[in-house]
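Chemist: coords please:
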Amino acid sequence: MARAYRFTLLLSLYLVQGLPYGFQVKVLPLFMAQRGTSNTAIGFIGALALPWLFKALWAPLVDRYGSARFGRRKSWILPLQLLLVGAALAGAEAAERGALVPLLGVILVMNLIAATQDIAVDGLAVDILGREELGAGNTAQVAGYKVGMLLSGGALLALQDHIGWSGIFVGMALITASSALLLVPFPEPPPAGAPPPVLRSLKDALMVPGTGWLLALVGTYKLGETMMDVMLKPFLLKVGGYAPAQLGLWLGTYAMLFSIAGSAAGGLLATTRLQLLRSVELTAVLRVFPLLGVLALSLAPLSDGRVIATLCAEHFFAGALTTAMFAYMMSRVDRRIGATHYTLLATVEVLGKSPGGWTSGIIADRFGFPAVFATAAALSVAYLVLFPLMRLRSSPGWRGPAPTAAGASPEPDSPTPASR
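Modeler: Below you'll find the predicted structure:
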C-alpha cells in the first residue's frame, strides 16, 4: 500500500469531518442573523456539536462490529460518508426554503455522522500507521480537519453570493463524495487482534498502566490556551477597536494558515528521532512564548503589526503542540480497541480545555483582560511540571503489534529509557 495514498486518504477523511463544524461556527451564525434570529438563540448553536462530546459512548460499537471481509473500519466509514452526502443535500433543500429548524436538525445530524466517522477513522489511523508515521499521520488529522473548516466556513462562504446558502451544502456533498471514491479501493489490513466484548473495551482502555498520568497530560494541556483564545477576540474588539471583518481576515485566514503550518511542523518534529513525549514537551514550552506575547499586547498600546505577528505565532505553536500531542496519544493506544481508546483520550482532551473557556469571561469581567491572559500563561507554565512527573511515574502500556501495512516491519513496543 503506497504511503502517499494512505496519508492522502487520511487527510481527505479528516477534511470531510471538519466540514459540518466549519459551517456551524462560521456560516450558520450569519444565516441565522440574516433571518433576524436573536443573539441568545445564536449563542446556543454550540449545542449542535454535542455528538463530538459524547462519541465515546458508542465508540465500543465501532470497535466491536464491522465486516472483516469488506474492512473493519471501511464498513463504517463508507456508509457514513454516503449518509453525510445525503444529509448535506437535505441541508441544501432546507437552506433553499429558508427553513431554520430543519436546517439546525440537519447540522446536528451531520455532526453526529462526522463524529461517528471520526471514531472509525481514528481506529483506521491506529491500524495502518507505524510508530515512525504517527507524526505525519496526525498532521493529516489536524491539518485535514482545519482545511475542512476553511472550505465550508471560508471558501464556500466566499462564493455564497454566487451559489446561495444551498450551494454551500452542495459543495460539502461533492467534497464528501470525492473522499468516498478515494476510500473504495483502499485495501484495509486485517485487525491486529479480536476486540474484547463491548462492555469490557472501555474498562480495558482505562486499565492501561500510566493512564492516570496520561489523562492528566491530555486533559490539561489546552486549559490556559483555551482561556486566552476565548477572550482574545473580545479584547481586540473592545479594547483594540478592530472591526469584525478585519479580525476575521487576521484570525480566519492568516492565523489559520499559520495554524496549519504549525500542525505540519509538529508532525515533522514527531517523526524525528526525538521521542514523542519529548516532542510534546518541547512544543508545550514553545507555546508559552506567544501566550506571553498576548499578555504583552494587553499591557501596551496596540499596533497592527504586533497583533498580527502575535496571532500568527500563537496559532503556529498551538497547532504544533496539538499535532505532537495527538501523535503521542495515538502511540499510547491499545490497538485491539484502537477506536475506543483513542476516542476516550480525545474526549478527555475536549472536556479538559472547556473550563478555561467557562472561567475566562468571569475573570475578564471582574479583573480585566490582562488578568485573563496572565492566568492563561501561568497555567501553561505550570503545566510543564507534568512532564518530569510523567517520565518518573508512568510507563507506557501495551499497544499491541505494530501494523503490517505498507511493508512496515514489526517494531518493539517497549519504551525507550528516556520515556520512563
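
Chemist: which segments of the protein make up each domain?
Modeler: 1-191, 196-420 (automatic domain parsing).

Chemist: dump these into TSV; add mean neighbour count as well.
Modeler: C-betas here are computed from N, CA, C, even on glycine. Shown next, in TSV, are those (neighbours: other CB atoms under 10 Å):
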stretch	mean neighbour count
domain 1-191	20
domain 196-420	19
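
Chemist: can you redo the ones you listed as TSV with mean pLDDT?
Modeler: TSV is the format used below for these (pLDDT from 0 to 100):
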stretch	mean pLDDT
domain 1-191	90
domain 196-420	81
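
Chemist: any idea which residue sits dead centre in this protein?
Modeler: V142 (5.6 Å; CA atoms, centre = their mean).

Chemist: so which strand or helix has the residue nearest to it when sequence neighbours are not counted?
Modeler: Using CB to CB, 6 or more residues apart in numbering and skipping residues adjacent in sequence, the residue nearest V142 is S263, 4.2 Å away. Here S263, judged by DSSP states H and E, is contained in helix 256-271.

Chemist: which outside residues touch that helix?
Modeler: 132-140, 142-143, 146-147, 149-150, 154, 276, 279, 282-283, 311-313, 315-324, 327-328 (CB atoms under 8 Å, 6 or more residues apart in numbering).

Chemist: which neighbouring elements make contact with the helix or strand just after it?
Modeler: As assigned by DSSP H and E, the chain's next helix or strand after helix 256-271 is helix 276-299. Here helix 276-299 touches helix 223-238, helix 256-271, helix 304-331, helix 369-383, helix 386-393, going by 3 or more CB pairs under 8 Å, 6 or more residues apart in numbering; DSSP states H and E.

Chemist: next, format the ones you listed as TSV and append distance to L84.
Modeler: Output for the helices and strands packed on helix 276-299, formatted as TSV (distance: least, CB to CB, whole Å):
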stretch	distance to L84
helix 223-238	28
helix 256-271	23
helix 304-331	23
helix 369-383	36
helix 386-393	37
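
Chemist: for V16, find the nearest of those.
Modeler: With CB to CB, the closest approach to V16 among the helices and strands packed on helix 276-299 belongs to helix 256-271: 16.5 Å.

Chemist: quick one: that closest one to helix 304-331, angle?
Modeler: 40 degrees (axes from the mean of the first three to the mean of the last three CA atoms, to 10 degrees).

Chemist: extract the CA atoms of helix 256-271 and return them as CSV.
Modeler: These are the backbone C-alpha positions of helix 256-271, laid out as CSV (Å, rounded to 0.1, in the frame of the first residue of the first chain):
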residue,chain,number,x,y,z
MET,A,256,-5.4,29.7,10.4
LEU,A,257,-2.8,29.2,7.7
PHE,A,258,-0.1,29.5,10.4
SER,A,259,-2.0,27.0,12.5
ILE,A,260,-1.9,24.5,9.6
ALA,A,261,1.8,25.2,9.1
GLY,A,262,2.3,24.7,12.8
SER,A,263,0.5,21.4,12.6
ALA,A,264,2.9,20.3,9.9
ALA,A,265,5.9,21.4,11.9
GLY,A,266,4.6,19.5,15.0
GLY,A,267,4.1,16.4,12.8
LEU,A,268,7.6,16.7,11.4
LEU,A,269,9.0,17.1,14.9
ALA,A,270,7.1,13.9,16.0
THR,A,271,8.7,11.9,13.1
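
Chemist: give me the angle between it and helix 276-299.
Modeler: 150 degrees.

Chemist: distance of the closest residue to M228 other than its chain neighbours from S259?
Modeler: What sits nearest to M228 in space, not counting adjacent residues and going by CB to CB, 6+ apart, is A376, at 3.8 Å. Remark: distance between A376 and S259 (CB to CB, to the nearest Å) = 17 Å.

Chemist: same check, this time on E349
Modeler: 17 Å.

Chemist: ok, T310 next?
Modeler: On the measure of CB to CB, T310 and S259 end up 14 Å apart.

Chemist: do G98 as well
Modeler: From G98 over to S259 the distance is 34 Å, taken as CB to CB.

Chemist: equivalent analysis for Q117, please.
Modeler: Distance from Q117 to S259, by CB to CB: 22 Å.

Chemist: same check, this time on E314
Modeler: Taking CB to CB, one finds E314 at 9 Å from S259.

Chemist: phi first, then psi, for G71.
Modeler: Dihedral pair for G71: phi 130, psi 120, per degrees, to the nearest 10.
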